[in-house]
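> Sharing a sequence plus its predicted fold:
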Amino acid sequence: MPNGRPSPTAEPERTTGVHGPVDLCDGRGRLNPSARGWSRRPDVRANLRLAPMRKKRWDYWCVQTDEIVVSFVYADVDYAGLASVWVLDRATGHEATAGLLRPLSRGIELPEQVCTGAMAVTDRALSLVIDERDGHTRLTATAPTSAHGPIEVDVVVDKPAGHESLNVLIPWSTRRFQFTSKQNTRPAHGTVRVGDRTWSVDAERDGWGVQDLGRGVWPYSNRWNWAAASGRSADGRVVGLQFGGKWTVGTGATENALCIDGRLTKIGVELEWDYDWEHPLRPWRVRTPGSDQVDATLTPTFDRYDLTDLKVLRMEVHQCFGTWQGRVVGDDGVAVELDGLRGFAEEARNRW
């Protein structure tokens, strides 16, 4: 492996969506067999139906610079809709957030064709828009109050021509399944304000956007790992890390890939995760078993811990932000050294 190309994944690469989107569901609301596999671009029409209270739709965005982290959530989980904006000042550790929760997802709508259209919500506490265009995604939010003053975000995340992403169907069964699109190393630029502080997001100074799009029909109880990073390697290559775990085990599909200079390398094995849930600010190490295709360690500097416990509904997550060191190997067989790549790793435990 160190001197040769990585072994190709055994997962099928889906090409049926080249000439148009693939339906996620059949007429009975079950998994459409043509949606199985993975692709290099988002090519699914999420025509979810039936399965009351089990359908989940969300768009999550995270924009990072060396000064701040900004995240957007826009989600419909069948029995509730939610939207939020969150800003972390890395220098002080101050968090500013605003959000809303709507029973039965009233006013929260996501288009069936993924990565298209505009998702918007307006409320006294928060106005938020995710606007998908051919060449970029625009993220805007305003909130009159937060712990550190009003919030204003206006950031554009570019879609470079030919840029590849990981789009994969995770099949627990024909009745329970999830389509996910994970996109990283997308240049970001714009402005973020909290109170009397203003930050510039600049693609030339390593401003990057990461997207997590999900559409599916979920089991009630689940856990997952997710890790992502975007930036430049020691020799100047643009490198994106996309690692997943736990929730994919036993499905025959993984959520693992590298994006190097805009080209995707699919990793078809489950990765080994080494971290401590009780001490999340200790290092998180992720490796490919039996090879050195991936050996990367996150050194966290901030733990975004969140717990929602309504007994029947319970969601708990440690999302740890920091920098990645190590090495990865893409399809070209060339080792890429990581030194200070900004990103995060998380574990989520849900009953929803």
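Sure, I can see it. Fair warning: this is a prediction, and the values are worked out from it, not measured in the lab. Residues are numbered from 1 along each chain as shown.
> Walk me through the domains of this structure.
23-217, 220-352 (automatic domain parsing).
> To E11, which of those domains lies closest?
Minimum separation from E11 across those (C-beta to C-beta) falls at domain 220-352, 4.8 Å. To be clear about C-beta, it is placed using only N, CA and C from the backbone, and glycine gets the same treatment.
> End to end on the closest one, go ahead and measure it.
End-to-end distance for domain 220-352, by C-alpha to C-alpha, to the nearest Å: 5 Å.
> And stretch 109-117, by the same measure?
11 Å.
> same deal with stretch 48-68?
36 Å.
> do the same with stretch 45-62
23 Å.
> If you count neighbours, what's buried in that stretch?
45-48, 51, 54-62 (16 or more other C-beta atoms under 10 Å).
> which residues in the stretch 51-200 of the chain form helices?
Using DSSP state H, counting those that start in this stretch, the stretch 51-200 of the chain contains no helices.
> sorry, back to before: turn the buried residues of stretch 45-62 into JSON lines, including distance to G37 and pLDDT.
Compiled in JSON lines, the buried residues of stretch 45-62 are given as follows (distance: C-beta to C-beta, whole Å; pLDDT from 0 to 100):
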{"residue": "R45", "distance to G37": "16", "pLDDT": "97"}
{"residue": "A46", "distance to G37": "16", "pLDDT": "98"}
{"residue": "N47", "distance to G37": "18", "pLDDT": "97"}
{"residue": "L48", "distance to G37": "19", "pLDDT": "97"}
{"residue": "A51", "distance to G37": "22", "pLDDT": "94"}
{"residue": "R54", "distance to G37": "23", "pLDDT": "95"}
{"residue": "K55", "distance to G37": "22", "pLDDT": "97"}
{"residue": "K56", "distance to G37": "21", "pLDDT": "97"}
{"residue": "R57", "distance to G37": "21", "pLDDT": "98"}
{"residue": "W58", "distance to G37": "22", "pLDDT": "98"}
{"residue": "D59", "distance to G37": "22", "pLDDT": "98"}
{"residue": "Y60", "distance to G37": "23", "pLDDT": "98"}
{"residue": "W61", "distance to G37": "25", "pLDDT": "98"}
{"residue": "C62", "distance to G37": "26", "pLDDT": "98"}
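> what residue ranges in the stretch 1-150 of the chain are flagged as low confidence?
Scanning the stretch 1-150 of the chain for pLDDT under 70 picks out 1-8, 16-19.
> For it, which segments count as strands?
22-23, 38-39, 44-45, 55-64, 68-76, 80-89, 95-103, 118-122, 127-132, 136-143 (DSSP state E, counting those that start in this stretch).
> One more: the stretch 151-300 of the chain?
So, for the stretch 151-300 of the chain - with DSSP E, counting those that start in this stretch - the strands run 151-158, 166-171, 177-194, 197-201, 208-217, 221-232, 238-245, 256-260, 263-267, 272-274, 284-287, 294-309.
> quick one, the fifth one and strand 68-76 angle?
Going back to what we said before, that points to strand 208-217. For strand 208-217 against strand 68-76, the angle between stretch directions is 20 degrees (axes from the mean of the first three to the mean of the last three C-alpha atoms, to 10 degrees).
> Could you list every helix and strand that strand 208-217 packs against?
Judged by 3 or more C-beta pairs under 8 Å, 6 or more residues apart in numbering; DSSP states H and E, strand 208-217 is in contact with strand 55-64, strand 136-143, strand 151-158, strand 177-194, strand 221-232.
> again, only this time at 7 Å
The contact analysis (3 or more C-beta pairs under 7 Å, 6 or more residues apart in numbering; DSSP states H and E) places strand 208-217 against strand 55-64, strand 177-194, strand 221-232.
> what sits opposite the spatially most central residue of the chain in the beta ladder?
When C-alpha atoms, centre = their mean is applied to the chain, the residue found nearest the centroid is D212 (2.7 Å). Beta-bridge partners for D212, by DSSP bridges, are Y60, K182.
> For it, give its distance to D26.
Per C-beta to C-beta, to the nearest Å, D212 is found 26 Å from D26.
> what do you get for D131?
Counting by C-beta to C-beta, the gap from D131 to D26 is 31 Å.
> among the buried residues of stretch 45-62, which two are most distant?
A51 and C62 (28.3 Å).
> Fine by me, thanks again.
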